[in-house]
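Novice: I need the structure of the sequence given here:
(one chain, ligands or ions: 2)
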Amino acid sequence: TRSTRPQRLLGAVQKNATRGDPGSVIQAIDHYCRNKEWAMNVGDEKGCILDSVVSEVNPATVLELGTYCGYSTVRIARLLPPHAKLITLEFNPAVAAIARQVIAWAGLEDKVQLVEGASGDFIPRIKEQFGVKTFDLVFLDHWKEYYLPDTKLMEECGLLRKGSVLLADNVVCPGAPDYLEYVRSSPRYESRYFKSHLEYTKVEDGLEKSVFLG
Ligand SMILES: O=C(NCCO)c1cc(-c2ccc(F)cc2)cc(O)c1O
Ligand SMILES: [Mg+2]
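Specialist: Ligands and ions are numbered 1, 2, ... in the order given. A predicted model of the protein is given here:
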């Protein structure tokens, strides 16, 4: 039976990247997705904006919603200080299995905890199950219709503190209009749009950075 797109992406990493070298994993995925087969990684252009936000926040605790094949997980984890922790959540078990191997190839498994499950079930359990009080940075990159409900859930569960940064992918394409409206109009957020392009294309997309004001 035919392989899946995530399986072929993992093959490109194993063929072209050096074990333990996160930069080569990122490069191998971007080259494959630009030249062979598009995939919904945040990509190199938006990835540079992600890098700059991660470096600025210098987070001790990170939550990523939507692991996919682990591309942004590797981008974030490679920039984290030694004892920082990244929890990443993926709904699809087959995709999570690929992401684990990509993260391992980059040598970043000690900084990353990949959890399989649905965000609505998982978010209320984070405090007790993972011993996390609040997140310094949240990267939203899962199903776009879940950005808003999950943000409200994180607020309600006390997972955000004054200064927590939310960074959301795809706020233009595919789009998250209700989320954008919320973070841009709420007095509890200071929001800013970083204009870019949909990964590996010329289509407009961007990242929305929203600081929780408490
Ligand atoms: O659904 C997405 N993520 C959640 C599942 O992992 C997603 C989709 C797209 C995309 C797809 C199809 C198209 F035509 C345009 C954009 C892009 C992304 O960056 C994404 O994160
Ligand atoms: Mg995305």
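
Novice: this protein: strands as residue ranges?
Specialist: 61-65, 85-90, 112-116, 135-140, 160-168, 189-197, 204-212 (DSSP state E).

Novice: dump those into JSON lines; add mean pLDDT as well.
Specialist: Formatted as JSON lines, these follow (pLDDT from 0 to 100):
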{"stretch": "strand 61-65", "mean pLDDT": "99"}
{"stretch": "strand 85-90", "mean pLDDT": "98"}
{"stretch": "strand 112-116", "mean pLDDT": "98"}
{"stretch": "strand 135-140", "mean pLDDT": "99"}
{"stretch": "strand 160-168", "mean pLDDT": "99"}
{"stretch": "strand 189-197", "mean pLDDT": "99"}
{"stretch": "strand 204-212", "mean pLDDT": "99"}
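
Novice: ok, the residue in the chain that ligand 1 sits nearest to to Leu159 distance?
Specialist: Closest residue of the chain to ligand 1, C-beta to the nearest ligand atom: Met40 (3.8 Å). Every C-beta, even on glycine, is put in place using the N, C-alpha and C of the backbone. Using C-beta to C-beta, to the nearest Å, Met40 is found at 25 Å from Leu159.

Novice: and Pro187, by the same measure?
Specialist: 19 Å.

Novice: looking at those two, which one has more neighbours?
Specialist: Leu159 (21 against 6; other C-beta atoms under 10 Å).

Novice: the more buried one and Arg125 touch, don't they?
Specialist: No. At 11.0 Å, Leu159 does not count as touching Arg125 under the criterion of C-beta atoms under 8 Å.

Novice: contact residues of this protein facing ligand 2?
Specialist: The chain comes close to ligand 2 at residues 141, 169-170, as judged by C-beta under 5 Å from the ion.

Novice: just the buried ones from those residues, in ChimeraX syntax?
Specialist: Burial among those is assessed by 16 or more other C-beta atoms under 10 Å; the matching ChimeraX selection reads:
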select :141,169,170
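
Novice: tabulate the residues of the chain next to ligand 2 (a markdown table), appending pLDDT.
Specialist: Conversion of the residues of the chain next to ligand 2 to a markdown table gives the following (pLDDT from 0 to 100):
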| residue | pLDDT |
| --- | --- |
| Asp141 | 99 |
| Asp169 | 99 |
| Asn170 | 98 |
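
Novice: which ones among the residues of the chain next to ligand 2 also lie next to ligand 1?
Specialist: Subset of those in contact with ligand 1: 141, 169-170, counting by C-beta under 6 Å from any ligand atom.

Novice: distance of the closest residue to Leu140 other than its chain neighbours relative to Leu79?
Specialist: Once flanking residues are discounted, Leu140 sits nearest to Ala168: 4.2 Å by C-beta to C-beta, 6 or more residues apart in numbering. According to C-beta to C-beta, Ala168 stands 19 Å off from Leu79.

Novice: out of those two, which sits in the busier spot?
Specialist: Each of Ala168 and Leu79 has its neighbours counted (other C-beta under 10 Å); Ala168 has more, 25 against 20.

Novice: helices along the chain, start to end?
Specialist: 5-16, 22-35, 43-57, 71-77, 93-105, 119-122, 126-130, 147-156, 177-185 (DSSP state H).
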